[in-house]
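Peer 1: Here's a sequence, model it:
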Amino acid sequence: FRLLVKDIKNGEVITTFFALEAMELRKSKIQRNFLSLDLYDKTGKVKGYLWNDPVIVAATLTEKSFVKVRGIAKMLSSSPVIEVERIRKAEKHEIDMRDFLEVVSGGIDLWHKKLLNSVKSVRDINCRRLIDSILKDDCFMELFLTSPGGISVHHNYVGALLEHTVNVMTEAAVTADKNPGLLDKDLLLTGAFLHDIGKTKEIYWNIAREYTTEGKLLGHIGIDLLMLEEKLSRFKDFPQDLSILLKHMILSHHGNLEYGSPVRPATPEALALHLIDNNDAKINHLYCHLGNADPDKQWSHFDRILNTEFYRVKYLKSDSKELKGTAA
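Peer 2: Numbers count the residues shown, from 1 in each chain. Coordinates of the predicted model:
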């Protein structure tokens, strides 16, 4: 039985697994050494305190690793803490990543199939050659299929980058079909596929979701561009004008300079990509925000990203039969 943080009860003797985010050797008021542990799983965080041989135990542990903990749960300032009796590194076979990171709804295989179906809509030979070369990159795809799409604002779970890319491509296809004289469908779909590929190198997520050094220094837009340049360098005859248009879509997809784009959208496809991308990100953020809200309250807490709180009471539809006519 796997005990999660949300299920910990006061006074309970627990033996379970956590991710160890951080630890610190500290001294009490009477100068006694103890080890402070920041532990978590997908349902929340909990503090752990170990008093027995803390210096020796600390030498056996590594931050951002998985651990097995035995201890007693107590309450401190209305929050659970664990008085740790024993702790050790967990073996790989003991860990189920689903206990620590949410996985995209429906599973990764489903969204991978959706991605391949979206790619089939790309008819231009050069756009398709570029996308296919990326899809055949096994090292990239291993990360692309499992990476989150963000740290906290939106799509912050396993497979979310894949989900977000598919959603943006799906909406891009619909938008292009509605506006055939305005938007180049192949260009928009290819930009949608490429726009966040740099997040595979921007975010470290195996234990804790955080930005890599490369991500902090370059950002995913910069990494996107470098990855595209590397792929294009392998084509001797890739059209220069198409290359520039795709690079512009990557550079401008955040829309404004204050949101990380070095240039603003200046083509119809670039503007469409920005709007579609932003819409999917905000809707997903709303989904995650409401999912974490107290189900017993009518209103969610204030959300600083969307700058509002949300009324959660649903309209109760009547069970009356379908109307057979309309009022005159």
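
Peer 1: Now for the closest residue to Thr16 other than its chain neighbours, how many residues are close by?
Peer 2: Distances taken as CB to CB, 6 or more residues apart in numbering put Leu3 closest to Thr16, at 4.1 Å, once the chain neighbours are dropped. All C-beta spots, glycine's among them, are computed from the backbone N, C-alpha and C. Using other CB atoms under 10 Å, Leu3 has 18 neighbouring residues.

Peer 1: How about Leu50?
Peer 2: The burial metric for Leu50, expressed as a neighbour count using other CB under 10 Å, is 23.

Peer 1: On the pLDDT front, check the nearest residue to Pro54 once chain neighbours are set aside for me.
Peer 2: With sequence-adjacent residues excluded and distances taken as CB to CB, 6+ apart, Pro54 is closest to Leu35, at 3.8 Å. Here the pLDDT value assigned to Leu35 is 96.

Peer 1: and what of Met249?
Peer 2: Met249 carries a pLDDT value of 98.

Peer 1: likewise Leu271?
Peer 2: 98.

Peer 1: Just the CA atoms of the host helix or strand of it, as CSV, please.
Peer 2: Using DSSP states H and E, Leu271 sits within helix 268-291. Extracted in CSV, the C-alpha atoms of helix 268-291 (Å, rounded to 0.1, in the frame of the first residue of the first chain):
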residue,chain,number,x,y,z
PRO,A,268,-0.5,35.9,-40.4
GLU,A,269,0.7,32.5,-39.4
ALA,A,270,2.9,33.8,-36.6
LEU,A,271,0.0,35.8,-35.1
ALA,A,272,-2.4,32.8,-35.4
LEU,A,273,0.2,30.6,-33.7
HIS,A,274,0.6,33.0,-30.8
LEU,A,275,-3.2,33.3,-30.3
ILE,A,276,-3.7,29.5,-30.4
ASP,A,277,-0.8,28.8,-28.2
ASN,A,278,-1.8,31.4,-25.6
ASN,A,279,-5.4,30.2,-25.6
ASP,A,280,-4.4,26.5,-24.9
ALA,A,281,-2.0,27.5,-22.2
LYS,A,282,-4.6,29.6,-20.4
ILE,A,283,-7.3,27.0,-20.7
ASN,A,284,-5.0,24.4,-19.3
HIS,A,285,-4.0,26.7,-16.5
LEU,A,286,-7.6,27.2,-15.6
TYR,A,287,-8.2,23.4,-15.6
CYS,A,288,-5.3,22.9,-13.2
HIS,A,289,-6.4,25.9,-11.0
LEU,A,290,-9.9,24.5,-10.6
GLY,A,291,-8.6,21.0,-10.1
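
Peer 1: roughly how far is that helix from the heart of the chain?
Peer 2: Offset of helix 268-291 from its chain centre (CA atoms, centre = their mean, to the nearest Å): 14 Å.

Peer 1: How about residues contacting it?
Peer 2: Contact with helix 268-291 is made by 149-150, 153-156, 160, 164, 167-168, 171-172, 175-176, 182-184, 187-188, 191-192, 195, 245, 248-249, 252-255, 265, 300, 303, 305-306, 310, 312, as judged by CB atoms under 8 Å, 6 or more residues apart in numbering.

Peer 1: Neighbours of Glu229, how many?
Peer 2: 11.

Peer 1: did I read that right, it in a helix?
Peer 2: Yes. When DSSP: H, G, I helix; E, B strand; the rest coil is applied, Glu229 is found to be in a helix.
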